[in-house]
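1. Sequence and computational prediction follow.
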Amino acid sequence: MSNYHIKNLEEYFHVYKKSIQEPEVFWEEIAEEHFTWREKWTNVLSWDFSKPEIKWFENAKLNITENCIDRHLPTRGDKTAIIFEPNSPDEDALHISYNELHERVCKFANVLKLNGVAKGDRVIIYLPMIPELAVSVLACARIGAVHSVVFAGFSSTALSTRINDCEAKMVITSDGSYRGKKTIDLKGIVDEALDESPGVETVLVAKRINSEITMKSGRDIWLEPLLENASSECEIEIMDAEDPLFILYTSGSTGKPKGMLHTTAGYMVFTAYTFKNVFQYQDDDVYWCTADIGWITGHSYIVYGPLCNGATTLMFEGVPSYPDYGRFWQIVEEHKVNQFYTAPTAIRALAKENVDFVNSYDLSSLKVLGSVGEPINEEAWCWYNEHVGKKKSPIVDTWWQTETGGILISPIPHVTPTKPTFATLPLPGIEPALMDENGEEINGNQVDGKLCVKKPWPSIARTIWGDHQRYKETYFSAYENKYFTGDGALRDETGYYRITGRVDDVIIVSGHNMGTAPIEDAINEHPMVAESAIVGFPHDVKGNALYGFVTLKEVDESSETDNLRKQINQLITEQIGPIAKLDKIQFVNGLPKTRSGKIMRRILRKIATNDTGNLGDISTLLNPEVVQDIMDNSLQ
Ligand code: WTA
């Protein structure tokens, strides 16, 4: 029986039990048998959630790219590592073998070194889904630089906040990007961001759309000639198990994004292990995750997890609707994709279109379907199961977070019986707990509460870059000696988990985490706005959409509110990005507040969702009179 690859339910229960009873023995065996180390660890795990401090495989030495690339060369050098499928179906796909990936990563790593990047330096990557994105991530890891990928849909302000927070000295970008029919001027966005980020010394620019751009002399350099001249051999930098691998920003309940820091060895072991099991990857399979590498899903399950297993991983540059809504299925047919991993929002959007878009393609290669990013509703689950999986490919509803690094709760296909809307059972090494209002753990089944995890797993984020205190407060202070996820969950009569959604000020829109505070900060910058509050309301494609309640400084009957709404969304687009735009904006005379001045979002949430039957006791509010007025004018 192998701990590494679970093949039936009996094995799962056996392996799970072992992983909880003897976590150190369990992870040590996996680490020893399935990875390449330059030096072994002296201790498997030490942890203290009160500090919090977590160390896995202490003092081990390794490089994650040796594990993702070099060690496969003798056996799989000619195997395709990455399939690049361009935005337009008229452009040919590119197959990059492990040998070629090795050469590309080495060349890129040498370019980084020649341009002054050293171990420990932070490098911001702001690229579309082109091969250079995966290659630059791996090149950073090869030389021990800490990559921080910023999703290329973020605005210049959001980009510069992240550059400044991690004090990056280099930005890697491209002249522009393709997105369906549109092109986006990425370099222009970088230029604007760098006006606010003077610390950046070098910008490496990949050519993708051949647009006319300005190159600032002494700062901006075209990547291609540098790569051509670079050596194709680059020794790995030997890293400590706990050396930083990357920073990835995620929204939180204050305006500033949280730079989640992931380290090397534990992240590698856990993402590789979970990839193998959750997707049941077999050697000749073609695996496709539709996420962008700018999110954690792309880091862990396009790049590191699959490559560590010597898999073929597909990267898609485009969007599901271009040139038409059959694009995903055309790609599945063309590349005979075996495992397909996407988000509920994409499934819902595709389910609204004619089912002929699915049925015109041969999807018989599919073996496993995955879902991630938000709760998947039953209707979407059933559509996915019936039309895409033809009821023969199990759906793995994978629950996890940027902070967790890898999947924590998920079915294992053909092992765990699935149940629509349930992420089902914890993976080995994960001990969930549900907590009640009084901070006590709720035992037994058929219960719901706030979801925590009792012990560290190898890929838990180690800190928030530059703000350990915030890390402690956000994740380890709500419940003693437990990691708090920010999600609510229920456990059914068989012990299966269903994630019910966020219980904090984060709203998930089209699978993207949106902190309400940064959006409110953006709105409040408008000179006419006094105050604002954002809540979510259900949306049939996005899952949730954003509803803003805004008070103005001067209320004037003639105020051009439609124009103001446009200006507010424009501000949000500039400060954060178009993904954070509000669907509804209601101008109100006052926001309901507690006597201590806190905005009562609970009431606003009920108004936004048209659930005003029971608003609870509003008499204790500072200004109960505003509530009726907001209800009377709500935008339903
Ligand atoms: C939500 C994405 C229900 C959850 C990997 C979590 C989910 C947040 C699921 C993290 C799922 C993710 N079912 N909810 N299968 N997967 N979530 O950091 O609220 O972008 O806390 O990581 O997404 O989002 P993040």
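-> Sure thing, it's come through.

2. From now on I want contacts and neighbour counts done on CA atoms only, so please keep to that.
-> Will do.

3. What parts of the chain come near the ligand?
-> Residues of the chain found near the ligand (Cα under 6 Å from any ligand atom) are 297, 372-375, 397-402, 487, 499, 501-502, 512-513.

4. ok, 8 Å please
-> Contact residues, the chain versus the ligand (Cα under 8 Å from any ligand atom): 250, 295-297, 371-376, 397-403, 406-407, 409-410, 421-423, 485-487, 498-502, 508, 511-513.

5. In helices, which of those residues fall?
-> Among these, the ones falling in helices (DSSP state H) are 296-297.

6. Return the subset of the residues of the chain next to the ligand lying in strands.
-> The strands, defined by DSSP state E, take in 250, 371-372, 397-398, 485-487, 498-502, 508, 512-513 from the residues of the chain next to the ligand.

7. Identify the farthest-apart pair in those residues.
-> Maximum pairwise distance among those (Cα to Cα): 22.9 Å, between T250 and R498.

8. Who wins on neighbours among the ones in strands among the residues of the chain next to the ligand?
-> Counting neighbours by other Cα atoms under 10 Å, D397 comes out on top of these with 33 neighbours.

9. Could I get the contacting residues of that residue?
-> Shown in contact with D397 (Cα atoms under 8 Å, 6 or more residues apart in numbering): 370-372, 376, 410-411, 421-424.

10. let's see 7 Å
-> Contacts for D397 were tallied using Cα atoms under 7 Å, 6 or more residues apart in numbering; they are 370-372, 410-411, 422-423.

11. Over to Y4?
-> 30, 273.

12. Kindly report the same for L133.
-> Here L133 is in contact with L127 (Cα under 7 Å, 6+ apart).

13. Over to the one 10 residues further on?
-> I143 sits next to 109, 118-119, 236-237 when contact means Cα under 7 Å, 6+ apart.

14. Show the average pLDDT along stretch 573-591.
-> Regarding stretch 573-591, the rounded mean pLDDT is 95.

15. swap in stretch 597-615?
-> 89.

16. For that stretch, give me every contacting residue.
-> Contacts of stretch 597-615 with the rest of the structure, by Cα under 7 Å, 6+ apart, involve 535-537, 547, 591-594, 631.

17. The same query, at a cut-off of 10 Å, please.
-> Stretch 597-615 has contacts (Cα atoms under 10 Å, 6 or more residues apart in numbering) with 505, 532-538, 546-549, 584, 586, 591-594, 616, 618, 621-623, 627, 630-632, 634-636.

18. Mind giving me the PyMOL command for buried ones among those residues?
-> Of the contacts of stretch 597-615, the buried ones go into a single PyMOL selection, burial set by 16 or more other Cα atoms under 10 Å:
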select buried, resi 505+532+533+534+535+536+537+546+547+548+549+584+586+591+592+593+594+618+621+622+623+627+630+631+634
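
19. among the contacts of stretch 597-615, which are in strands?
-> Short answer: these in strands (DSSP E) are 532-538, 546-549, 584, 586.

20. what's the spacing between stretch 312-325 and its chain's center?
-> Distance, stretch centre to chain centre, for stretch 312-325: 18 Å (Cα atoms, centre = their mean, to the nearest Å).

21. And that stretch, end to end?
-> Chord length of stretch 312-325, first to last residue, is 25 Å (Cα to Cα, to the nearest Å).

22. any idea how this structure splits into domains?
-> Per automatic domain parsing, the domain ranges recorded for the chain read 100-236, 506-632.

23. ok so, going back, let me know the closest of the ones in strands among the contacts of stretch 597-615 to N385.
-> Lowest distance from N385 to the ones in strands among the contacts of stretch 597-615 (Cα to Cα) belongs to P538, with 22.6 Å.

24. Could you check the pLDDT of the closest one?
-> pLDDT, P538: 94.

25. quick one, what contacts the residue of the stretch 151-300 of the chain found nearest the ligand?
-> Across the stretch 151-300 of the chain, no residue is closer to the ligand than T297, which sits at 5.4 Å (Cα to the nearest ligand atom). T297 sits next to 289-291, 303, 341-342, 372-373, 400-402, 405-407 when contact means Cα under 10 Å, 6+ apart.

26. now these in CSV, with pLDDT?
-> As requested, the contacts of T297 are exported to CSV (pLDDT from 0 to 100):
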residue, pLDDT
C289, 98
T290, 98
A291, 97
V303, 99
Y341, 98
T342, 98
V372, 97
G373, 94
W400, 98
Q401, 98
T402, 97
G405, 98
G406, 98
I407, 98
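
27. Same list, these, but as CSV with distance to V146 please.
-> Listed next are the contacts of T297 as CSV, based on distance: Cα to Cα, whole Å:
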residue, distance to V146
C289, 23
T290, 24
A291, 21
V303, 15
Y341, 27
T342, 27
V372, 26
G373, 25
W400, 22
Q401, 20
T402, 16
G405, 15
G406, 19
I407, 22
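
28. Near D617, how many residues? Count them for me, please.
-> Quick note: D617 (other Cα under 10 Å) scores 8 neighbours.

29. cool, N524 as well?
-> 20.

30. So it sits against N569, correct?
-> No: taking contacts as Cα atoms under 10 Å, N524 lies outside contact range of N569: 11.6 Å.

31. For the residue lying closest to S459 once chain neighbours are set aside, identify the helix or strand it belongs to.
-> Nearest non-adjacent residue to S459, counting by Cα to Cα, 6 or more residues apart in numbering: Y267, 4.1 Å away. Assessed by DSSP states H and E, Y267 sits inside helix 265-279.

32. what's the following helix or strand after that helix?
-> With elements assigned by DSSP H and E, the helix or strand that comes after helix 265-279 is strand 286-289.

33. for the residue nearest to I407 when sequence neighbours are not counted, phi and psi?
-> Spatial nearest neighbour of I407, chain neighbours left out: W400 (4.8 Å); criterion: Cα to Cα, 6+ apart. Note on W400: its backbone torsions stand at phi -170, psi -170 [degrees, to the nearest 10].

34. For burial, what's the neighbour tally of W400?
-> So W400, with other Cα under 10 Å, has 20 neighbours.

35. List the contacts of the strand or helix carrying H95.
-> Assessed by DSSP H and E, H95 sits inside strand 94-97. Defining contact as Cα under 10 Å, 6+ apart, one finds that strand 94-97 is touched by 73, 76-86, 101-104, 131, 312-315.

36. Just checking the distance from whichever helix or strand comes after it to the centre of its chain.
-> With elements assigned by DSSP H and E, the helix or strand that comes after strand 94-97 is helix 98-114. For helix 98-114, the separation from the chain centroid amounts to 26 Å (computed by Cα atoms, centre = their mean).

37. And the strands in the stretch 1-150 of the chain?
-> Counting by DSSP state E, counting those that start in this stretch, one finds strands in the stretch 1-150 of the chain at the ranges 43-48, 53-58, 61-62, 80-85, 94-97, 122-125, 146-149.

38. a markdown table for these, including distance to S155, mean pLDDT and mean neighbour count?
-> Formatted as a markdown table, these follow (distance: least, Cα to Cα, whole Å; pLDDT from 0 to 100; neighbours: other Cα atoms under 10 Å):
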| stretch | distance to S155 | mean pLDDT | mean neighbour count |
| --- | --- | --- | --- |
| strand 43-48 | 38 | 98 | 15 |
| strand 53-58 | 34 | 98 | 21 |
| strand 61-62 | 36 | 98 | 22 |
| strand 80-85 | 25 | 98 | 23 |
| strand 94-97 | 29 | 98 | 18 |
| strand 122-125 | 14 | 98 | 27 |
| strand 146-149 | 14 | 98 | 27 |
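
39. quick one: which of these is nearest P225?
-> strand 122-125 (18.9 Å).

40. for that closest one, packing partners?
-> Here strand 122-125 touches helix 131-143, strand 146-149, helix 156-166, strand 170-174, strand 202-206, strand 244-250, going by 3 or more Cα pairs under 10 Å, 6 or more residues apart in numbering; DSSP states H and E.

41. Could I get these in CSV, plus columns for distance to I213?
-> Shown next, in CSV, are these (distance: least, Cα to Cα, whole Å):
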stretch, distance to I213
helix 131-143, 19
strand 146-149, 22
helix 156-166, 16
strand 170-174, 10
strand 202-206, 10
strand 244-250, 28
